[in-house]
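**Q** Okay, structure incoming, though there's no sequence with it:
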């Protein structure tokens, strides 16, 4: 006859396995995992964008604060990023998203003041004070430079600055008033405000600014091309989460805290090791089809082993 193993021994063995082999109990499908996995953001020329972006059918917990996108319906649809950075150190601003490169982690943006392939008047440039600064997790890419535009300049005095002020025209019929000038180098802009009382600063692509200086493009073209922004989030942690079979997101109660959504539930960095998973199914006991808690399951397992 095979000797019976004491119940306490079975119980001790099971506890040892649970705490030393990282075995966990599957809680079934995680709704957040399913939603984030199956709902990337798409709008216009932006398709299938995932973490850290969210918007539309993609809830905020699937992305990070500051990366919210909306889709402005039109012909074609236009994706817009909401409340990014600051304007004059005050309110955040919205910008049209031209493209997103998830390899270089960059976005090409155009200010809402401008839209691609449209003319821009001097009046609109003056009325909209749009000096933009960015804060983490955003910063201008090395491809961007500030273009300084000056208005209401004293045309008879600009020659005193050795040609550092350059004349450009706005796209309107009458450009004899409020003619803008731009400065080749930021350090040359200091005393020009005495000649030109109105100053506006716009981030633009360096390549487009160079073409403007050569006279190959107009002001509208430069502003319509927008600028490039680089963004930084917890990419290493997200990669670890994805490699473990999870989906990257943020905590529902803290949109800045990373969360890894897995099929079994929510974890801080990655999903549990698949090879060490035990899936405990619901037990049909008399009239109830409910999953029982782990201690009771262990008691049942001990009882069966003894029998």
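**A** Happy to help now that I have it. Keep in mind it's a predicted model, so treat the numbers as computed, not measured.
**Q** so where's the stretch 51-200 of the chain uncertain?
**A** 74-75, 83-93, 115-118, 128-130, 155-165, 171-179, 184-191 (pLDDT under 70).
**Q** Helices of that one, residue ranges please.
**A** 122-127 (DSSP state H, counting those that start in this stretch).
**Q** Tell me where it has strands.
**A** For the stretch 51-200 of the chain, applying DSSP state E, counting those that start in this stretch gives strands covering 69-72, 78-84, 86-87, 93-101, 106-111, 132-133, 138-140, 144-151, 165-167, 181-183, 198-205.
**Q** Residue 242 should be in a strand, yeah?
**A** No - assignment of residue 242 by DSSP: H, G, I helix; E, B strand; the rest coil gives helix, placing it outside any strand.
**Q** surely it meets residue 235?
**A** No - with contacts counted by Cβ atoms under 8 Å, residue 242 stays clear of residue 235, the gap being 10.3 Å. Any C-beta I mention is one placed from the backbone N, CA and C, and that applies to glycine too.
**Q** how about residue 268, what does it touch?
**A** 258-260 (Cβ atoms under 8 Å, 6 or more residues apart in numbering).
**Q** give me that answer again for 10 Å
**A** Contacts of residue 268 were listed using Cβ atoms under 10 Å, 6 or more residues apart in numbering, and they are 237, 241, 251, 257-260.
**Q** Export the strands of the stretch 51-200 of the chain to CSV and append columns for distance to residue 52.
**A** Compiled in CSV, these are given as follows (distance: least, Cβ to Cβ, whole Å):
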stretch, distance to residue 52
strand 69-72, 11
strand 78-84, 11
strand 86-87, 19
strand 93-101, 11
strand 106-111, 11
strand 132-133, 20
strand 138-140, 11
strand 144-151, 21
strand 165-167, 39
strand 181-183, 35
strand 198-205, 22
